[in-house]
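[1] Give me coordinates for this.
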Amino acid sequence: MIELIAPVGGSKIDWAKRWESSKEAQALLNRIDSITLGSGQVTTSSSEEDHSSGAFATSFYTQTVELTKRQFRAQYRDGPYHLTKMVLLVFFGMFEGFFFYKLPHSVSLPSISHRNLQALLTTILSVAEQIVGVEALTLSLLTLIQVAAPMMFSIALYYQQKMDIYVSRERNGIYSWTSLITSLLLCELPALFIGYTLLFFCYNWTEGISGGSKVGGLSWLLWMQFAVFTGSSGTVSHPVGSRSCDPSALG
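    Below is the predicted model:
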């Protein structure tokens with residue numbers, strides 16, 4: 001070693017040539033070649049998965065599934081988050097249902113003799129009352145859909161909290177922001193379906209809406225569609241708002 005590192009004289013042995021001709025060097029080169037060939041095969045076999053996941057270790061589907069599980073656990077532990085929305089929907093349904101309690105809203109024109117003036121006047125007043133009932137029913141539905149505004153505001157605030165966490169510590173190769181938004185929407189929909197179903201039950205029979213099971217079923221399906229609209233609008237309202245995050249921060 002002293003001869004090898006000595007500034008004057010040094011060693012007479014060519015250590016570089018001896019290393020290149022040794023068995024250990026050849027074994028090391030073979031090991032490097034095998035690792036290189038193996039990584040190339042792995043890259044070729046997983047090219048489709050790399051294309052789907054991009055810069056992340058897992059695919060979009062896996063990210064969404066895991067984030068959805070995490071969001072469900074977080075919302076379950078945060079009891080007031082869904083409880084306030086349920087109370088708000090039930091309150092709207094009960095208030096509208098009993099404010100417009102059993103209003104006549106089906107216009108029917110009975111056949112009467114025009115010779116009987118009193119009967120004609122009675123019919124006109126009855127039809128006018130029923131028309132007012134139809135207008136009141138329309139007003140009640142218009143008032144009911146106003147519940148979407150506070151619901152979307154609550155969802156947007158929750159989205160802002162999760163997005164702040166994502167931008168601060170979880171966007172550097174952990175998961176994509178599209179998976180986060182998808183998981184948030186998937187977690188909101190079950191609660192919205194339950195809440196709007198309660199709202200439908202609270203106002204539909206108290207207002208005396210007739211029409212049978214077909215009309216009731218169609219009304220319920222429309223409310224479920226409105227629940228999807230509420231959840232999706234609340235989720236995307238923050239990204240498109242004035243206080244939304246810088247797109248470059250999302251990666």
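
[2] what's the burial count for residue 27?
    Per other Cβ atoms under 10 Å, the neighbour tally for residue 27 reads 10. Bear in mind the C-beta positions are built from the backbone N, C-alpha and C, glycine included.

[3] secondary structure class for it?
    helix (DSSP: H, G, I helix; E, B strand; the rest coil).

[4] State the distance from it to residue 37.
    Per Cβ to Cβ, to the nearest Å, residue 27 is found 16 Å from residue 37.

[5] Equivalent analysis for residue 69, please.
    Distance from residue 69 to residue 37, by Cβ to Cβ: 38 Å.

[6] And residue 61, by the same measure?
    From residue 61 across to residue 37, the span is 30 Å (Cβ to Cβ).

[7] Equivalent analysis for residue 62, please.
    Distance, residue 62 to residue 37, by Cβ to Cβ: 28 Å.

[8] neighbour-wise, which of those two wins?
    Each of residue 62 and residue 37 has its neighbours counted (other Cβ under 10 Å); residue 62 has more, 16 against 10.

[9] Tell me which helix or strand comes right after the strand or helix carrying the more buried one.
    Counting by DSSP states H and E, the element that carries residue 62 is helix 60-77. The first helix or strand that comes after helix 60-77 along the chain, using DSSP H and E, is helix 79-99.

[10] ok, residues contacting that following helix?
    By Cβ atoms under 8 Å, 6 or more residues apart in numbering, the residues outside helix 79-99 that reach it are 75, 140, 143-144, 146-147, 150-151, 154, 158, 191-192, 194-196, 198-207.

[11] List the buried residues in it.
    For helix 79-99, a neighbour-count test (16 or more other Cβ atoms under 10 Å) marks 81, 82, 85, 88, 89, 92, 93, 96, 97 as buried.

[12] With pLDDT as added columns, please give those residues in TSV.
    Below are those laid out as TSV (pLDDT from 0 to 100):
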residue	pLDDT
81	83
82	84
85	88
88	89
89	90
92	87
93	86
96	83
97	80
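
[13] Go through these and name the one nearest residue 162.
    Nearest to residue 162 among the buried residues of helix 79-99 is residue 81, at 11.9 Å by Cβ to Cβ.
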